[in-house]
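Visitor: Any chance you can model this:
(one chain, ligands or ions: 2)
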Amino acid sequence: MEATCASSLQCCTWMASEKSGRKPNGFLELHQRFGEDRRRQRIVNSRVLKWSVDPIRPRLAGFELSCCYRNSEDSTVESEIAQGFVDEPKILKKKAQEVAPYLSGRCIYLVGMMGSGKTTVGKILAEVLGYSFFDSDKLVEQAVGGTSVAQIFKEYSETFFRDNESEVLWDLSLMRRLVVATGGGAVIRPINWKYMKKGITVWLDVPLEALARRIAAVGTDSRPLLHHESGDAYTKALLRLSTLSDERREAYANADARVSLEYIASKLGHGDVSALSPAAIAIEALIQMENFLKGGDDDDDMAIARNS
Ligand SMILES: Nc1ncnc2c1ncn2[C@@H]1O[C@H](COP(=O)(O)OP(=O)(O)O)[C@@H](O)[C@H]1O
Ligand SMILES: O=C(O)C1=C[C@@H](OP(=O)(O)O)[C@@H](O)[C@H](O)C1
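Guide: Numbers count the residues shown, from 1 in each chain. Ligands and ions are numbered 1, 2, ... in the order given. All right, here's what the predicted structure looks like:
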């Protein structure tokens, strides 16, 4: 079973921090774990060859890493392949503990296109941070007497839905320690940004083809803005999503932190974002939030680049 763990590089760094109490190159530690003393050697090239989920212990993602070293003493170059496992829940928990003091109870608002994973990733973030999770669509549905979003669009109007959405976001902005999965269109009203900016806003930036694949898999019943196109489910979703994305991309870019699935995938040497697990995306969200809150753009995950 092939799957990816976007946390590969963080994992290596974190394993290293745990043992040595400093922030060294994780790959050195990786090799120390395999019983070899590489401290006097410098990595000149490293590459993740393969990721896979352990079918017996699915919380663990296995990896195979190829490394090439230069020995500083005699200038010889050696290479080897190492294997290991990363425990995503453990990494998530550790990263959440690191980010929590910077958040100091501020709410997290996830923004992004329909199907970008705001609900899925939001629930994970809420759990690891000890926050409560809210889906703004669900709150609108409750406010309109339990009417579904699709039904609200049909029986009332999109404007009516948007008004209720703004009210819900205002109510939420008065609270603390929440992760909020906003509706994909919440970003189009400037007033909503005023409410959301009381917390930290995070944009889940997912390629349109991946969004269309996810939505085609679950159907468009709950997403009325996708009801009008004709054709098969994937093509229908892709067409409409690309128009919406053109209209909204600039608005999403107002977010404090951006989580680009293409960036995570390329960092790990993957061609396809569909292999990234929700937990791995949540880890990247925590990293990007930490960067924003610390006011820098340091990226521990670039260890490979720095050492190559
Ligand atoms: N990383 C992921 N990989 C594969 N499928 C995902 C991922 N994240 C979310 N999904 C799936 O995509 C669909 C939409 O996700 P959801 O979290 O509801 O998005 P949103 O709240 O942004 O509309 C769901 O069926 C969910 O299971
Ligand atoms: O993109 C949009 O305008 C919408 C996205 C939906 O939420 P999700 O992003 O949770 O699907 C929901 O708010 C409504 O159907 C409108």
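
Visitor: So for the lengthiest helix in the chain, mean pLDDT?
Guide: Of all the segments of type helix in the chain, defined by DSSP state H, the longest one is helix 233-252. What helix 233-252 shows for mean pLDDT is 94.

Visitor: any bit of that helix sitting next to ligand 1?
Guide: No - Helix 233-252 lies out of reach of ligand 1 by Cβ under 6 Å from any ligand atom, never closer than 11.2 Å. Backbone N, C-alpha and C define where each C-beta goes, glycine included.

Visitor: I'd like to check what contacts that helix. Which residues are they?
Guide: 111-115, 184-185, 187-188, 203, 205, 208-209, 211-213, 215-216, 219-220, 225-226, 228-231 (Cβ atoms under 8 Å, 6 or more residues apart in numbering).

Visitor: Can you go through these and name the buried ones?
Guide: Buried by 16 or more other Cβ atoms under 10 Å: 111-115, 184-185, 187, 203, 205, 208-209, 211-213, 215-216, 220, 225-226, out of the contacts of helix 233-252.

Visitor: List, out of these, those positioned next to ligand 2.
Guide: With Cβ under 6 Å from any ligand atom as the criterion, these include 114, 184, 185, 225 near ligand 2.

Visitor: Which parts of this protein are helices?
Guide: Going by DSSP H, the chain shows helices at 8-20, 26-33, 88-103, 118-129, 136-143, 149-155, 158-173, 190-196, 208-218, 233-252, 261-267, 278-294, 303-307.

Visitor: now these in CSV, with distance to residue 78?
Guide: Output for the helices of the chain, formatted as CSV (distance: least, Cβ to Cβ, whole Å):
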stretch, distance to residue 78
helix 8-20, 19
helix 26-33, 11
helix 88-103, 29
helix 118-129, 39
helix 136-143, 54
helix 149-155, 58
helix 158-173, 55
helix 190-196, 51
helix 208-218, 39
helix 233-252, 46
helix 261-267, 25
helix 278-294, 30
helix 303-307, 15
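
Visitor: one step back: ok, of the ones next to ligand 2 among the buried ones among the contacts of helix 233-252, which one's closest to residue 147?
Guide: Of all these, residue 147 sits closest to residue 225, with 16.6 Å by Cβ to Cβ.

Visitor: out of the contacts of helix 233-252, which are inside strands?
Guide: The strands, defined by DSSP state E, take in 111, 203, 205 from those.

Visitor: about what we covered before: okay, the angle between the longest helix of the chain and helix 208-218?
Guide: 130 degrees (axes from the mean of the first three to the mean of the last three Cα atoms, to 10 degrees).

Visitor: What residues of helix 233-252 count as buried?
Guide: For helix 233-252, by 16+ other Cβ under 10 Å, it's 233, 236, 237, 238, 239, 240, 241, 244, 245, 248, 251, 252.

Visitor: Now the last one. Nearest residue, chain neighbours left out?
Guide: Going back to what we said before, that points to residue 252. residue 203 (4.7 Å; Cβ to Cβ, 6 or more residues apart in numbering).

Visitor: Can you tell me who the one you found pairs with across the strands?
Guide: residue 111, residue 258 (DSSP bridges).

Visitor: roughly how far apart are it and ligand 1?
Guide: Taking Cβ to the nearest ligand atom, to the nearest Å as the measure, residue 203 falls 11 Å from ligand 1.
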